[in-house]
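# When you get a sec, could you give me coordinates for this:
(chains A, B, C and D)
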There are 4 protein chains.
Amino acid sequence: MSNDAPLTEVPAHLRTAVDTAKQKVADLHAELPRWELVVWTAGNVSERVRNDQGEDLLVIKPSGVSYDDITAEAMVVCDLDGNLVEGDRSPSSDTAAHAYVYAHMPEVGGVVHTHSTYATAWAARGEEIPCVLTMMADEFGGPIPVGPFAIIGDDSIGRGIVETLRGSRSKAVLMKNHGPFTIGGDAKGAVKAAVLCEEVARAVHVSRQLGEPLPIEQQHVDSLYERYQNVYGQR
Amino acid sequence: MSNDAPLTEVPAHLRTAVDTAKQKVADLHAELPRWELVVWTAGNVSERVRNDQGEDLLVIKPSGVSYDDITAEAMVVCDLDGNLVEGDRSPSSDTAAHAYVYAHMPEVGGVVHTHSTYATAWAARGEEIPCVLTMMADEFGGPIPVGPFAIIGDDSIGRGIVETLRGSRSKAVLMKNHGPFTIGGDAKGAVKAAVLCEEVARAVHVSRQLGEPLPIEQQHVDSLYERYQNVYGQR
Amino acid sequence: MSNDAPLTEVPAHLRTAVDTAKQKVADLHAELPRWELVVWTAGNVSERVRNDQGEDLLVIKPSGVSYDDITAEAMVVCDLDGNLVEGDRSPSSDTAAHAYVYAHMPEVGGVVHTHSTYATAWAARGEEIPCVLTMMADEFGGPIPVGPFAIIGDDSIGRGIVETLRGSRSKAVLMKNHGPFTIGGDAKGAVKAAVLCEEVARAVHVSRQLGEPLPIEQQHVDSLYERYQNVYGQR
Amino acid sequence: MSNDAPLTEVPAHLRTAVDTAKQKVADLHAELPRWELVVWTAGNVSERVRNDQGEDLLVIKPSGVSYDDITAEAMVVCDLDGNLVEGDRSPSSDTAAHAYVYAHMPEVGGVVHTHSTYATAWAARGEEIPCVLTMMADEFGGPIPVGPFAIIGDDSIGRGIVETLRGSRSKAVLMKNHGPFTIGGDAKGAVKAAVLCEEVARAVHVSRQLGEPLPIEQQHVDSLYERYQNVYGQR
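Predicted structure coming up:
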């Protein structure tokens, strides 16, 4: 990713930005059990720390840590090759996937991974979620696509995410037999996408159990997406 | 809706009524996550403030605000054309639909909108919920009907709600591909209808997964509805 | 039920027993939302107060009261004809059914009614829950039976419960199109039966969604029931 | 199991180890309702206390005790024949099964039993859970197998668990018509397996409701299992 030697500490000019990100990322982890997206220690949230004097960093949860033990101080900092830059504990075993996304999608500022039940159920069948809800058109602008089966431990999960989401409106991808990854402009946006991904996965699943949901015409999907991305919320 | 110039502030004689409604509406929003009817910032509750010296007002949640940040002070006030009369933030993007209902159904004092999972699943199929539970006969007096597909941003959602519920016993309508809207004599009544709408949507869904629920004879539906509307609760 | 004039107050010799029952019944109501058996104000728990100098009484929740507002003081006392003996509020609209059970099943000391989702789903199909789980054999000694469709407002619900449960091992009955009623030696036992009724209704439903659960041989059902009723728990 | 007379008290050299285990086992019981694996008093966690001067002991929950009343002091101590060694209350009625596992699988340090809904639903059909999720490959190394139907009260549950899990990668067994038992290196590991067993039981169930999940190739199952057992978490 870089020809320079890996960083061995957080550069002084990023201290405040890193500490702010650690607090945000720690707080946002609480949203995962709150919305029942994870069990035990599964799932992770990361945020990019932009560095205009060099390579960006990312802040992420350590591996295998209980949701009760998550504090800002416990969060770890890595470079975009996934090397540990700061922290007492090993980074999440999904760090390589997060890092790959940041390295290859410059507009992404936050990444979330869960095994939320309904999204994972679609992923296990390798089936995209059709866009049959206005909430889906609003947030995802169309179907939620499926990414390839990929084994943890090399670049293949990160590559699968990037190849699926690049050029897509969707902020979520269902990695085959695995579970959803979501992206956002920041960590909060990626958490929101994870929450809504599971909600639409569940509602469309339930709807299809008793028949076929009605499709939404493409022109309506487009206008819902356009409005929601540009008008919704406080400016 | 009115030939007068829009109000630019809450009239003095409505101050107390507006402040009371703000507190009620803020408190009632807590019922939506409590009964698992909403995720993230989705969903909204409003209440009408009657004005015997002019046009009525409505109190509603601002757009895109977290359920953790809802206070009486954060609530906004609009007229029945959906114009902001008081508040620091943009009103909910569903305000036009709420306002249309108040303007065209004078007996309605509260409106609630959610994307609750099971009700939304019926809405995605465009299928009414058949009246096969005594709880449904009690509260809704028959099936819960489906309203048209309507795009946000003009009167079409409001019109769809009014055309479906006017002359119906049902306090709930399933807007196609979208989700439920409920009405009540006040905001609390509309929240109750939203809670019961999701519960019957879920129970009838589950029942139909393994066979066909037994119909309830119309005369029994009628007598259950009559009793519940007139006898139940404290007088 | 009795030729005497109805009681107009709690007899002095029952004061302590009634107050104890009020506290127990109030506390046990908290178990209903805790185990997700009820929404809004639905559901009720009652307990018999035995009176060796006359007719028994029952303690029950008032009608249409929020689970947040339940206190021992708010509970009401009725005789076994369902007449109010003590309390500021109307008794639950299900009081006549509870009273009928106490009047006709002397061994019953507690009654619970809910609209818990999965039990109600079986009730809507009018289908008994087959005994395919050891937990069901333990607690219910066989299938959970269905009671008749009955309209609220006269004896018909109470009669339906008694006719179904008298002579049955089951502590639960699924009233058709309505929901479960459960009985116990005291109110706590009836609440436990309500919790387990919903759990087995859910687990057997889920099991049957993907095939046919294996039956348990009658001799094993018998021996599980025998052991659980006589050995389980602390003596 | 042993030719010596049964222990009548905790040997002095095990006092600290037993007290530590009591605290751990009491705390871990809170994870069962937290992850919605149990209702009412069902379910139990135990941990082995190793004794290099004689037979091992186990610490377990008393029978029929509410999850609100679980404290370290309330836990009971038994030998590996299931005899009570210390405690004021009867041990869990599943103690014989736990004891049999410890006596016959020396590597096991913790055992958990629940009736969690989805795992129990698979158990009621007597059907193993196929390995179609990476999370399953990680934790269980393949399908979750079914154990025989066994009646409580003798060795048959314990034997069924041991015969099914000995030589298997799986830390969970679905006892037919009954529910899951899980094992671990300590009680926490067995609780983790119980949480993940229910999660994969649910996600695979949901996935199969709308089609057939994609299999994971055996070589990928093997490499996921290998990595997770050896690399995941903090060392």
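# Quick one: mean pLDDT for the longest helix seen in chain A?
Counting residues, the longest helix found in chain A (DSSP state H) is helix A:187-209. When pLDDT is averaged over helix A:187-209, the result is 98.
# Kindly report the residues of chain A close to chain D.
Residues of chain A lying near chain D by Cβ under 8 Å from any Cβ of the partner chain: A:39-42, A:62-65, A:89-90, A:93, A:115, A:117-118, A:120-122, A:124-127, A:149, A:151-153, A:176-179, A:205, A:208-209. Backbone N, C-alpha and C define where each C-beta goes, glycine included.
# mind listing the helices for chain A?
Listed in chain order (using DSSP H), the helices of chain A are A:15-29, A:31-34, A:95-104, A:117-125, A:134-140, A:156-165, A:187-209, A:218-230.
# most packed of those helices?
Highest mean neighbour count of the helices of chain A: helix A:117-125, a mean of 27 (counted as mean count of other Cβ atoms under 10 Å in any protein chain shown).
# wait, which of the helices of chain A is closest to chain B?
Nearest to chain B among the helices of chain A is helix A:187-209; the distance by Cβ to the nearest Cβ comes to 3.8 Å.
# Residue ranges in chain A under the pLDDT threshold?
Flagging of chain A using pLDDT under 70 yields the residue ranges A:1-4, A:153, A:231-235.
# From residue D:138, how far out is the closest residue to chain D within it?
Here chain A gets closest to chain D at one residue, residue A:64, 3.1 Å apart by Cβ to the nearest Cβ. Using Cβ to Cβ, to the nearest Å, we find residue A:64 at a distance of 11 Å from residue D:138.
# and if you look at residue A:38?
From residue A:38 across to residue D:138, the span is 14 Å (Cβ to Cβ).
# count of neighbours near the residue lying closest to residue A:7 once chain neighbours are set aside?
The shortest distance from residue A:7 to any residue other than its chain neighbours is 5.0 Å, reached at residue A:85 (Cβ to Cβ, 6 or more residues apart in numbering or on different chains). Neighbourhood size, residue A:85 [other Cβ atoms under 10 Å in any protein chain shown]: 20.
# Thought residue A:78 was touching residue A:85, still the case?
Yes: contact criterion Cβ atoms under 8 Å: residue A:85 and residue A:78 qualify, at 5.9 Å.
# Need the overlap of contacts for those two.
By Cβ atoms under 8 Å, 6 or more residues apart in numbering or on different chains, residue A:85 and residue A:78 have these common neighbours: residue A:57.
# Could you point out which of the helices of chain A sits nearest residue C:221?
Between residue C:221 and the helices of chain A, the shortest separation by Cβ to Cβ is 31.4 Å, and it involves helix A:187-209.
# Can you give the distance of that closest one from its chain's centre?
Averaging C-alpha positions (Cα atoms, centre = their mean, to the nearest Å) puts helix A:187-209 13 Å from its chain's average.
# Run the contact check for that helix versus chain C.
No: under the criterion of Cβ under 8 Å from any Cβ, helix A:187-209 makes no contact with chain C; the nearest approach is 8.9 Å.
# As PDB, could you dump the C-alpha coordinates of that helix?
This file holds the C-alpha atoms of helix A:187-209, laid out as PDB (Å, rounded to 0.1, in the frame of the first residue of the first chain):
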ATOM      1  CA  ALA A 187     -18.600   5.400  11.400                       C
ATOM      2  CA  LYS A 188     -22.100   6.600  12.400                       C
ATOM      3  CA  GLY A 189     -23.300   6.400   8.800                       C
ATOM      4  CA  ALA A 190     -22.000   2.900   8.500                       C
ATOM      5  CA  VAL A 191     -23.700   1.900  11.800                       C
ATOM      6  CA  LYS A 192     -27.000   3.400  10.500                       C
ATOM      7  CA  ALA A 193     -26.600   1.400   7.300                       C
ATOM      8  CA  ALA A 194     -26.000  -1.800   9.300                       C
ATOM      9  CA  VAL A 195     -29.200  -1.100  11.400                       C
ATOM     10  CA  LEU A 196     -31.300  -0.500   8.300                       C
ATOM     11  CA  CYS A 197     -29.800  -3.400   6.400                       C
ATOM     12  CA  GLU A 198     -31.000  -5.800   9.100                       C
ATOM     13  CA  GLU A 199     -34.400  -4.200   9.300                       C
ATOM     14  CA  VAL A 200     -35.100  -4.400   5.600                       C
ATOM     15  CA  ALA A 201     -33.600  -7.900   5.500                       C
ATOM     16  CA  ARG A 202     -36.100  -8.900   8.200                       C
ATOM     17  CA  ALA A 203     -39.100  -7.100   6.800                       C
ATOM     18  CA  VAL A 204     -38.600  -8.400   3.200                       C
ATOM     19  CA  HIS A 205     -38.000 -11.900   4.500                       C
ATOM     20  CA  VAL A 206     -41.200 -11.800   6.500                       C
ATOM     21  CA  SER A 207     -43.100 -10.400   3.600                       C
ATOM     22  CA  ARG A 208     -41.900 -13.100   1.300                       C
ATOM     23  CA  GLN A 209     -42.900 -15.900   3.700                       C
END
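# Between helix B:187-209 and that helix, find me the angle.
50 degrees (axes from the mean of the first three to the mean of the last three Cα atoms, to 10 degrees).
# Enumerate every residue touching the residue nearest to residue A:139 when sequence neighbours are not counted.
Leaving out its chain neighbours, the residue that sits closest to residue A:139 by Cβ to Cβ, 6+ apart is residue A:196, at 4.8 Å. Contact analysis of residue A:196 by Cβ under 8 Å, 6+ apart lists A:135, A:139, A:140, B:39, B:40.
# ok, the residue nearest to residue A:7 to residue D:86 distance?
51 Å.
# cool, residue A:18 as well?
To residue D:86, residue A:18 is 51 Å away according to Cβ to Cβ.
# How about residue A:66?
Residue A:66 is 30 Å from residue D:86, by Cβ to Cβ.
# Mind checking which of these two has more residues around it?
The neighbour comparison of residue A:66 against residue D:86 (other Cβ under 10 Å) goes to residue D:86, with 16 against 9.
# Make sure residue A:21 is actually in contact with residue A:49.
Yes: the pair residue A:21 / residue A:49 is scored as a contact, 5.2 Å apart, by Cβ under 8 Å.
# Need the overlap of contacts for those two.
With Cβ under 8 Å, 6+ apart, residue A:21 and residue A:49 have common neighbours residue A:59.
# Nearest to chain C: which residue in chain A?
residue A:209 (8.9 Å).
# which residues sit in contact with residue A:114?
So residue A:114 contacts A:32, A:37, A:38, A:42, A:43, A:179, A:180, A:194, A:198 (Cβ under 8 Å, 6+ apart).
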